[in-house]
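>>> Turn this into a structure:
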Amino acid sequence: MNKTSSTNLSKPKSIDGSFYSDNEITIRPYIKSDQSSAVNCLMKAFDDDPLMRKSIEIFSKFEWEEVAPELFAWLLFMIHKSYDMTEVVIDNHTNEVLCIAIWEGPSVNLTMGFWSLGFLSKLLFKDYGLLKGYIQLMSLMESKKHRLAPSAHHLQALGAAVQGKGLGSKLIKYGIERATKAGVPCYLESSNPRNISFYKRQGFEILEEIFPLNNDKVQGPVVTLMIRPYSIAKGTPSVEGA
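Next comes the predicted model:
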């Protein structure tokens, strides 16, 4: 077993760069060669996500199976390239990604701005409806985040290819420890109600529930905005969400 100190998460001490390893799994930073397996992991994890499914149904001219892989690949590429705060659980027997946590910093940096423009340009020519939906949703989510948790580390996605193995619990703690070291809270938007109890067990608290796809005829899927205050880990006043 090889586990590094939580105070050095950005630079693992082990020779192979991993945070933790045993006979079955390795937890380490995401690398470029993980992309295909990571996208497959995200596809399985978010296959029944109410918000993502409904958004593509409403806005896109393509089916879920056609558009979701490219969407996940772009988002993973942009966020990892911009913040380098993505970790994975790897199956030591198959080298497949079993679980992935994608984090971003508290503000949009130049790299994220550049790649976001590229992503939006691609959507403009391929799927204008999805572009409008993406801008609508992201504008709402970003405005909420900057109001409720402007300095937080933001968990954009946590996905496990197989549920019930405790992989999410193992992986999320590395991002939480990184935020604790930085002296900031953690923030997320959960678009699947079944995940709320899991995040509560990790110390997250509900801030607000929103319905970003609401219209005059139907109430869209709920999104739960949650924060893990810095005070939970350090016993000091919360930076936000107190």
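>>> count of neighbours near A161?
Other residues near A161 number 21, with proximity taken as other C-beta atoms under 10 Å. Placement of C-beta: from N, CA and C, glycine included.
>>> Excluding covalently adjacent residues, which one is nearest to P221?
Once flanking residues are discounted, P221 sits nearest to P50: 3.7 Å by C-beta to C-beta, 6 or more residues apart in numbering.
>>> if I pick that neighbour, what's in contact with it?
Taking C-beta atoms under 8 Å, 6 or more residues apart in numbering as the criterion, P50 is in contact with S191, N192, P193, P221, V222.
>>> sec struct for the residue most central in space within the chain, please.
Nearest residue to the geometric centre of the chain (C-alpha atoms, centre = their mean): A157, 1.8 Å. A157 carries the three-state label strand when classified by DSSP: H, G, I helix; E, B strand; the rest coil.
>>> Next one, pLDDT for the residue nearest to P221 please.
Listed pLDDT for P50 reads 95.
>>> That one and P212: what is the separation?
P50 sits 11 Å away from P212, going by C-beta to C-beta, to the nearest Å.
>>> for K61, same thing?
Applying C-beta to C-beta, the value for K61 to P212 is 20 Å.
>>> Looking at those two, which one has more neighbours?
Neighbours per residue (other C-beta under 10 Å) separate K61 from P212, with P212 holding more: 21 against 12.
>>> Thought T224 was touching the more buried one, still the case?
No. Using C-beta atoms under 8 Å, P212 is not in contact with T224, being 11.7 Å away.
>>> List the buried residues of the helix or strand harbouring E57.
Taking DSSP states H and E as the criterion, E57 maps to helix 50-59. Buried residues in helix 50-59, defined by neighbour count with 16 or more other C-beta atoms under 10 Å: P50, L51, M52, R53, K54, S55, I56, F59.
>>> Tabulate the CA atom coordinates of it in PDB.
Written as PDB, here are the backbone C-alpha positions of helix 50-59 (Å, rounded to 0.1, in the frame of the first residue of the first chain):
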ATOM      1  CA  PRO A  50     -32.300  13.600 -15.100                       C
ATOM      2  CA  LEU A  51     -31.000  17.100 -15.900                       C
ATOM      3  CA  MET A  52     -28.500  15.900 -18.600                       C
ATOM      4  CA  ARG A  53     -31.000  13.600 -20.200                       C
ATOM      5  CA  LYS A  54     -33.700  16.300 -20.300                       C
ATOM      6  CA  SER A  55     -31.400  19.000 -21.500                       C
ATOM      7  CA  ILE A  56     -30.300  17.000 -24.500                       C
ATOM      8  CA  GLU A  57     -33.900  16.000 -25.200                       C
ATOM      9  CA  ILE A  58     -35.000  19.600 -25.200                       C
ATOM     10  CA  PHE A  59     -32.100  21.400 -26.800                       C
END
